[in-house]
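S.K.: Below are the sequence and a predicted model for it; my questions follow.
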Amino acid sequence: MIVHTLAIVNPAAGFGKAAKMLGPTMDRLRAAGVEFDVAETKHAGHATELAREAYRQGYRRFIAVGGDGTSFETVNGLFPEAYEDGEKPTLGFLPLGTGNSFLRDFTKDGADYALQAIIENRSRPCDVIRLKHKTGTVYYINILSLGFVADVCTLAGKFKRLGAASYGLAVVLTLARFQKRVFPIKLDGKSPADSPSTALLIFNNSKFTGGNMMLAPNADTGDGLIEIVRWSADRFDFIRNFPKCYDGSHIHHPLIWTGQAKRIDLNFTEPMDIMVDGEVMTVQMESLEVLPSALNVMV
């Protein structure tokens, strides 16, 4: 008989810390009466494969044991099939040894809070955002970034051997070669009044990214809308005001525009680097669309 909850474990998360914490955490769940099966990822993209196959076998509850990347891959294993079936799968989170930006919308206690949510079987509806690009489709529940954040994450990936220090180095180098670009968009079929040269453009479902940066303080995971933040500052103004991203007060800057939409058309003429839920990829974006309350999250 199938136990209908599957824990998808990335033992490499947190530079291997997840593997050390896994046993005691799983024991706490079992001691509380939570029944689940376990599948470990072996390579990049494996969580997507595991989630997709498990869904087809009848699993409807999943626990992503790892960081943002494990959650992202799990979501992309469940969609679009679950949405097309009219199903609403449930996803819990156990960020062992690493971060989970999505959880920050609900708690500062990370893994302890997430563990208790699973034990108490707490859940709430959550929107899923669908990105269509020239060669495929991607689904996410946290953030998609163009510009500065995407550039930092892309560059940090080239310095992975430095561990956590890779992001500090990437920030310095990205600021040194600071870029602004024009990103033409349509919101629910209408073009904004202007399309200024922009340093940072994000499309959020939740408030936080990078652990504790509140880049989109007005975002709501269940409102059926994509929260947009566009920052058009020059280099030194951007540097001076960037610390305000940690409390969300940056959105009051005169060169920041915020908006909301159910669908966003992105008629980009070439591929570009993006960061989506902690993962970096290069795609030619076409559109973003909300799938309202398509997922239940245990928070």
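M.R.: Happy to help now that I have it.

S.K.: got any ranges where the stretch 1-150 of the chain has weak pLDDT?
M.R.: By pLDDT under 70, the weakly predicted segments of the stretch 1-150 of the chain are 1-3, 14-18, 97.

S.K.: Could I get the full set of strands for it?
M.R.: 5-9, 37-40, 61-65, 90-94, 124-133, 136-140, 143-147 (DSSP state E, counting those that start in this stretch).

S.K.: Could you list the paired strands of the last one along with their orientation?
M.R.: In this case it means strand 143-147. Sheet pairing for strand 143-147, assigned by DSSP bridges, gives strand 200-204 (antiparallel), strand 272-276 (antiparallel).

S.K.: Using JSON lines, lay out these together with mean pLDDT, distance to residue 223 and mean neighbour count.
M.R.: Bear in mind the C-beta positions are built from the backbone N, C-alpha and C, glycine included. Shown next, in JSON lines, are the strands paired with strand 143-147 (pLDDT from 0 to 100; distance: least, C-beta to C-beta, whole Å; neighbours: other C-beta atoms under 10 Å):
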{"stretch": "strand 200-204", "mean pLDDT": "97", "distance to residue 223": "11", "mean neighbour count": "25"}
{"stretch": "strand 272-276", "mean pLDDT": "96", "distance to residue 223": "20", "mean neighbour count": "22"}
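
S.K.: Need the ones you listed in TSV (columns: distance to residue 241).
M.R.: Formatted as TSV, those follow (distance: least, C-beta to C-beta, whole Å):
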stretch	distance to residue 241
strand 200-204	11
strand 272-276	20
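
S.K.: With residue 299 as the reference, name the closest of those.
M.R.: Nearest to residue 299, of all the strands paired with strand 143-147, is strand 200-204, at 16.6 Å by C-beta to C-beta.

S.K.: what angle sits between the closest one and strand 124-133?
M.R.: 130 degrees (axes from the mean of the first three to the mean of the last three C-alpha atoms, to 10 degrees).

S.K.: Not counting strand 200-204 itself, show me its contacts.
M.R.: 129, 142-149, 183, 209, 215-216, 219, 226-231, 238, 264, 288 (C-beta atoms under 8 Å, 6 or more residues apart in numbering).

S.K.: Pretty sure residue 4 sits against residue 60.
M.R.: Yes: counting by C-beta atoms under 8 Å, residue 60 is a contact partner of residue 4 at 5.6 Å.

S.K.: Look up how far residue 219 lies from residue 259.
M.R.: According to C-beta to C-beta, to the nearest Å, residue 259 stands 12 Å off from residue 219.

S.K.: Give me the more crowded residue out of those two.
M.R.: residue 219 (27 against 16; other C-beta atoms under 10 Å).

S.K.: Give me the nearest residue to the more buried one, chain neighbours excluded.
M.R.: Nearest non-adjacent residue to residue 219, counting by C-beta to C-beta, 6 or more residues apart in numbering: residue 227, 3.8 Å away.

S.K.: how about the one you found, secondary structure?
M.R.: When classified by DSSP: H, G, I helix; E, B strand; the rest coil, residue 227 comes out as strand.

S.K.: What of residue 251?
M.R.: Secondary structure, three-state DSSP: residue 251 is helix.

S.K.: In contact with it, which residues?
M.R.: So residue 251 contacts 217-218, 229, 258 (C-beta under 8 Å, 6+ apart).

S.K.: do the same with residue 116
M.R.: residue 122.

S.K.: ok, the nearest residue to residue 9 once chain neighbours are set aside to residue 225 distance?
M.R.: Distances taken as C-beta to C-beta, 6+ apart place residue 65 nearest to residue 9, at 4.2 Å, with adjacent residues excluded. Distance of residue 65 to residue 225, computed by C-beta to C-beta: 30 Å.

S.K.: try residue 99
M.R.: On the measure of C-beta to C-beta, residue 99 and residue 225 end up 25 Å apart.

S.K.: what about residue 264, which SS state?
M.R.: strand.

S.K.: quick one: pLDDT of it?
M.R.: Model confidence at residue 264, given as pLDDT, is 98.

S.K.: Was I right to think it contacts residue 227?
M.R.: No: using C-beta under 8 Å, residue 264 is not in contact with residue 227; the gap is 11.0 Å.

S.K.: returning to that earlier point: the residue nearest to residue 9: neighbour count?
M.R.: Using other C-beta under 10 Å: residue 65 sits among 32 other residues.

S.K.: Provide the partner residues of it in its beta bridges.
M.R.: So, taking DSSP bridges as the rule, residue 65 has residue 9, residue 94 as bridge partners.
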